[in-house]
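K.L.:
Fold the following, please.
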Amino acid sequence: MCVSKPATVRTSAFIDIVKVAVISSKINAPSLAPYVLYMHGDDQRYEDEDTLSRWLKSQGVRVVNSRLSFAKDIPPIRWRMKTLTGVCKMDIARAAVALSAELVSRRLDPERVLWTDADVLWSGDWDHSSPSLPTFAAGTEHFSRSLNSGVILGNTTTLAAAWPRMLRFAIGRRFKFAVADQSWLNLFWGDAWERLDNAKYNARAFVHPEPPRRPRASPRPRGRRGRQDEMVAVAPLEEPRVWHWHGYKPSDVRCWLRAMANGSWPERAWRPLSCKERRKGSCSYKPIRGSGCRYLGRITPSPCYLRTYTILLMEHERFLALA
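P.N.:
This next block holds a predicted model:
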């Protein structure tokens, strides 16, 4: 992971998320060795350890102190990019190449490195049997087929070699990217990357369970009436191995539960509305609107979202207690 060194004590929720990512990976994904690229601001010294870095080291995490390598290339108008943890993921491939001798000495794969956002929760181990990886593999956005950078398995040699061109590309655009590193990767690489199984490696509670894939099998013989049916094999649903708090966070779920307890949760939020139940507008299921909690309009939860988010919050709290 790449984590920004906390600048204030008001980042406790973020620190909790980082701790859960580490503890859940240690318990449920023991084949992985956790590394954290610890990004410091210009006014922060490497020598000044803080509570989070001490905790990470106490858990056996390799903490690599760093500064954003391309900070001077970001124009002042994009100053927020320098403060986003997600942007510094662009430094991970080259950091892994620089640490390749250490990785080899630890019997770790220096060529294929997995990096994730900090807001993940591991419920299973990574499958290391995947074939060759020319560039990188990533999950996709729920809203489109474009990549979601929350979970990436990267070929470090390829990505490090492409870095000069990637940086020139960003400078040419004056770092104008809608979603920081995610848009940067999408625009630069186009379709030259592989797809991870979202339901397994980038599960989002608002869309769980994802519809099963339905590969087509060989057709049946034609019937008497000339009709040709096709047998459809439904792939079995698998339990997710990596959950991603993409969009709503643990604090949002706590807000929902408080709204239910104090009676401010909208009655219509308990079930999807049919088109006939609305006089105008979209038939989209927008259950959180009007609850007093944070509302993300682009997310339309599945009918199972309350159960899934509640279980995920329970797991978050359990791992946090262990931390």
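K.L.:
Show me where the protein has its helices.
P.N.:
Here the chain has its helices, by DSSP state H, at 12-28, 51-58, 92-98, 100-105, 156-172, 180-189, 198-201, 250-262, 305-322.
K.L.:
Compute the inter-axis angle for the first one and helix 250-262.
P.N.:
Angle of helix 12-28 versus helix 250-262, following axes from the mean of the first three to the mean of the last three CA atoms, to 10 degrees, is 110 degrees.
K.L.:
Ok, the last one next?
P.N.:
For helix 305-322 against helix 250-262, the angle by the same axes, to 10 degrees is 120 degrees.
K.L.:
who touches helix 305-322?
P.N.:
Contact partners of helix 305-322, identified using CB atoms under 8 Å, 6 or more residues apart in numbering, comprise 16, 19-20, 23-24, 27, 121, 123, 205-206, 208, 243, 245, 248, 250, 253-254, 256-257, 287, 302. In this view, the C-beta of every residue, glycine as well, is placed from N, C-alpha and C.
K.L.:
Please identify the most buried of the helices of the chain.
P.N.:
helix 198-201 (a mean of 22; mean count of other CB atoms under 10 Å).
K.L.:
Quick check: S69 touching K89?
P.N.:
No - with contacts defined as CB atoms under 8 Å, S69 does not count as touching K89, sitting 11.9 Å away.
K.L.:
Looking at these two now, which is surrounded by more residues?
P.N.:
Per other CB atoms under 10 Å, whichever of S69 and K89 has more neighbours is K89, with 25 against 15.
K.L.:
Quick check, pLDDT for the more buried one.
P.N.:
For K89, the model assigns a pLDDT of 92.
K.L.:
Show the contacting residues for it.
P.N.:
Contacts of K89 (CB under 8 Å, 6+ apart): 2, 115, 149, 152, 181.
K.L.:
With W243 as the reference, measure out to the residue sitting nearest the centre point of the chain.
P.N.:
By CA atoms, centre = their mean, the chain has its centre lying nearest to G150, at 2.5 Å. Per CB to CB, to the nearest Å, G150 is found 10 Å from W243.
K.L.:
Now the common contact residues for those two.
P.N.:
Joint contacts of G150 and W243 (CB under 8 Å, 6+ apart) are V120.
K.L.:
circling back to that earlier point, isn't the residue nearest to the centre of the chain right up against G247?
P.N.:
No - with contact defined as CB under 8 Å, G150 does not reach G247; the gap is 10.5 Å.
K.L.:
C-alpha coordinates for stretch 299-310, CSV please?
P.N.:
Extracted in CSV, the C-alpha atoms of stretch 299-310 (Å, rounded to 0.1, in the frame of the first residue of the first chain):
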residue,chain,number,x,y,z
ILE,A,299,-24.1,4.3,-6.5
THR,A,300,-27.3,2.4,-6.8
PRO,A,301,-27.1,-0.4,-4.1
SER,A,302,-28.4,-3.9,-4.6
PRO,A,303,-31.3,-5.0,-2.4
CYS,A,304,-28.8,-7.0,-0.3
TYR,A,305,-26.7,-4.0,0.5
LEU,A,306,-27.8,-3.4,4.2
ARG,A,307,-27.0,-7.0,5.1
THR,A,308,-23.7,-7.0,3.3
TYR,A,309,-22.5,-3.7,4.6
THR,A,310,-23.5,-4.6,8.2
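K.L.:
from here on, count from 5
P.N.:
OK, 5 is where the count begins now, so the last one is stretch 303-314.
K.L.:
from the chain's centre, how far out does it sit?
P.N.:
17 Å (CA atoms, centre = their mean, to the nearest Å).
K.L.:
mean confidence score for that stretch?
P.N.:
90.
K.L.:
Then stretch 157-175?
P.N.:
For stretch 157-175, the mean pLDDT works out to 97.
K.L.:
What lies in contact with it?
P.N.:
So stretch 157-175 is in contact with 74, 77, 94, 96-98, 100-101, 104, 114-119, 134, 137-142, 181, 188, 191-192, 200, going by CB under 8 Å, 6+ apart.
K.L.:
Nearest approach to V68 belongs to which of the helices of the chain?
P.N.:
helix 96-102 (6.1 Å; CB to CB).
K.L.:
Show me what the residue nearest to S29 when sequence neighbours are not counted is bridged to.
P.N.:
Spatially, and ignoring its direct neighbours in sequence, S29 is nearest to W126 (4.5 Å; CB to CB, 6 or more residues apart in numbering). Beta-bridge pairing for W126 (DSSP bridges): V246.
K.L.:
show me where pLDDT drops low in the chain?
P.N.:
Residues of the chain meeting the criterion pLDDT under 70: 12-14, 86-90, 135, 215-240, 275-289.
K.L.:
mind running it again at 80?
P.N.:
11-15, 83-90, 134-135, 214-242, 271-290 (pLDDT under 80).
K.L.:
Can you give the domain ranges for it?
P.N.:
Per the record, the chain has its domains at 6-211, 252-306, by automatic domain parsing.
K.L.:
returning to what we had before: who's in contact with the residue nearest to the centre of the chain?
P.N.:
120-121, 123-124, 143, 206, 248, 250.
K.L.:
ok, so of the residues you listed, who is nearest S16?
P.N.:
Out of those, the member with the shortest distance to S16 (by CB to CB) is D123, at 14.3 Å.
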